[in-house]
Structure formats: structure tokens, C-alpha cells
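K.L.:
3D model of this:
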Amino acid sequence: MGGRFVGKVVVVTGGGGGLGRAVAVRVAREGARLVLVDLGVDGLGETADVVAGAVRGTDVVQIVADVKREADVARVVAETVRTFGRIDGFFNNAEVAGERRRTEDYGPVEFDRVVAVNLRGAFLGLKYVLGQMREQGHGTVVNTAMVDGSGNRAAYAASKEGVIGLTRNAGLEYGRHGITVKAIAVGSVLTPPLEEYLGGLPEGREAAEERVAAEHPMGRLGTQEEVADLVAFLLSDEASFINATTVTIDGGRRVDP
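P.N.:
Numbers count the residues shown, from 1 in each chain. Reported below is the predicted structural model:
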């Protein structure tokens with residue numbers, strides 16, 4: 001098996017589906033050994049099966065963990081190092097979309113829930129993975145953020161802006177240790193949360209997708225595979241001088257539906 005990730009270990013949170021699954025398949029095709037992390041054992045098993053179907057012989061470890069729990073994140077890193085000896089790449093991707101409401105109607109409990117996963121979870125991932133990478137003297141992190149939203153997403157928007165800040169901060173801190181940290185700002189890409197949202201609109205899923213696509217400069221929505229291609233590049237040695245920054249993938253739209 002050839003490719004940019006031969007012999008490398010890549011950890012993917014939110015690995016039970018969506019972008020996590022797409023990235024897992026993408027890097028596995030180029031030789032990566034995988035550690036998949038998610039809350040749901042079923043989703044992890046499905047991703048492992050998809051990876052096995054796409055690439056025979058890939059080493060895949062599945063870990064059920066809650067990214068907002070510090071003990072769980074510490075355990076993920078410890079189990080990965082115990083199994084493979086290091087962490088070369090980290091797709092810090094686990095997230096929840098949260099409710100769509102005006103700010104005045106947004107409940108504090110829901111706000112805290114979304115921020116706990118999206119921002120606290122991203123921070124804990126960085127805290128423990130970067131410590132391991134510093135000891136190794138190398139590593140690459142890609143965090144999942146978002147493009148500018150269109151309102152009614154207070155918790156999600158706040159948490160993802162926080163991820164951009166964490167990315168910049170960590171990249172500046174750890175670049176001297178041979179580590180790069182970057183984020184992707186994802187726009188109108190057909191991920192499961194967007195599909196669910198479009199399906200819940202009064203006009204129906206198909207009409208809603210057509211409308212959003214028509215608003216887009218390219219006349220279409222992006223695919224998870226296109227995002228996975230970008231993440232694979234950013235995790236690879238080819239992106240070794242990209243650090244402490246956020247790369248947008250939205251086809252030029254700049255506004256999330």
C-alpha cells in the first residue's frame with residue numbers, strides 16, 4: 001500500500017459517521033493506521049466496516065469516548081500510544097449542531113451542551129494530543145470550524161469561532177516543536193446535520209437543496225469527500241508550512257444556509 005500516510009497513526013474524533021468517516025476512509029487509502037473515536041459503538045463499527053471494504057488490511061482501533069469528558073480524552077490518547085506508540089495526525093472533529101433558534105430564544109442549557117462538545121471537546125483534544133506530539137517532536141492537527149453563519153445558531157457559531165481561536169493559539173505555541181495546527185471552515189457541504197436541516201424545511205429536502213445550491217456561486221453543494229481531500233492534504237507533509245490558520249472550503253459562498 002502506498003500513499004502519504006504509510007506507517008502513520010491518525011486519530012479521528014466524530015469517527016462514527018459524517019466527515020469523520022469520510023476522512024477515515026480517505027487517509028486509510030493512503031496507508032494510515034486509524035483510531036476512531038465516537039460516543040456510539042454502532043457508528044464506529046459501521047465506519048470500521050466501510051474502511052475495511054475500501055482498504056483491506058488497515059489497522060483500525062475503535063474507542064467509545066465522550067470528548068467533553070477529560071478522563072475519556074486522556075484515555076483515548078493513552079490507548080492510542082499504548083497500541084501504536086505515537087500520534088502523527090489528529091482530526092479534531094467531534095461536534096453537535098444544536099438547535100436553530102434566535103439568540104433571545106436560545107436556552108442556556110442547550111447553549112452549554114453545544115459549547116461543551118464543540119469547544120471544550122476541541123480544547124481537551126488539543127490539550128492531550130499536543131502534549132503527546134510535543135514529546136514526539138512532530139505531529140499535525142486539523143480542527144473542524146465553520147464559515148460565517150446566517151443566524152439562529154448562537155451556540156454553534158460561538159463554539160466554532162472559539163475553535164478558530166484555539167487553532168491560532170495552539171499553532172503559535174507548538175510550531176517550534178515540529179507541530180502544525182490548522183482548522184477547516186466548512187460551508188455548504190452535504191454533511192448529515194445539513195441534510196437533516198434541509199429535510200426539515202417546509203419546502204422539503206429536494207427543493208431546499210436545489211434552492212441552496214442555486215444561491216451558491218458554483219451552483220451546487222460540496223461533498224464530504226471533497227472536504228476529506230482537503231483534510232488529508234492538511235494532515236500530510238505537503239502542508240508542513242501551513243500553521244495557525246483556518247482554510248475555508250465553501251465554494252465561495254461564505255454563508256451557511
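K.L.:
does Asn143 count as helix, strand or coil?
P.N.:
At Asn143 the chain is in strand, as set by DSSP: H, G, I helix; E, B strand; the rest coil.
K.L.:
What is the neighbour count of it?
P.N.:
Asn143: 24 surrounding residues under other CB atoms under 10 Å. No exception for glycine: its C-beta is placed from N, CA and C like everyone else's.
K.L.:
Contact partners for it?
P.N.:
Contact partners of Asn143, counting by CB atoms under 8 Å, 6 or more residues apart in numbering, are Asn92, Asn93, Ala122, Leu126, Val163, Leu166, Thr167, Val181, Lys182, Ala183, Ile184.
K.L.:
Could you check how many residues crowd around the spatially closest residue to Leu234 that is not a sequence neighbour?
P.N.:
In this structure, Leu234 finds its nearest non-sequential neighbour in Val142, 4.9 Å apart by CB to CB, 6 or more residues apart in numbering. Residues lying near Val142 (other CB under 10 Å) number 27.
K.L.:
Next: Glu210.
P.N.:
15.
K.L.:
Am I right that it is in a helix?
P.N.:
Yes - judged by three-state DSSP, Glu210 forms part of a helix.
K.L.:
measure it to Gly204 for me?
P.N.:
Distance of Glu210 to Gly204, computed by CB to CB, to the nearest Å: 10 Å.
K.L.:
if we can go back for a sec, can you put the contacts of Asn143 in JSON lines and add secondary structure?
P.N.:
JSON lines is the format used below for those (three-state DSSP):
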{"residue": "Asn92", "secondary structure": "strand"}
{"residue": "Asn93", "secondary structure": "coil"}
{"residue": "Ala122", "secondary structure": "helix"}
{"residue": "Leu126", "secondary structure": "helix"}
{"residue": "Val163", "secondary structure": "helix"}
{"residue": "Leu166", "secondary structure": "helix"}
{"residue": "Thr167", "secondary structure": "helix"}
{"residue": "Val181", "secondary structure": "strand"}
{"residue": "Lys182", "secondary structure": "strand"}
{"residue": "Ala183", "secondary structure": "strand"}
{"residue": "Ile184", "secondary structure": "strand"}
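K.L.:
Just the buried ones among these, please.
P.N.:
If you count burial by 16 or more other CB atoms under 10 Å, the buried members of those come out as Asn92, Asn93, Ala122, Leu126, Val163, Leu166, Thr167, Val181, Lys182, Ala183, Ile184.
K.L.:
For those residues, name the two members farthest from one another.
P.N.:
Farthest apart among the buried ones among the contacts of Asn143 by CB to CB are Leu126 and Ile184. That separation is 15.1 Å.
K.L.:
Run through the residues that contact the nearest residue to Phe5 once chain neighbours are set aside.
P.N.:
In space, Phe5 comes closest to Ala32 once its chain neighbours are excluded; the distance is 3.7 Å by CB to CB, 6+ apart. Shown in contact with Ala32 (CB under 8 Å, 6+ apart): Gly3, Phe5, Lys8, Val9, Val10, Thr58, Gly89.
K.L.:
Sweet, I'm off.
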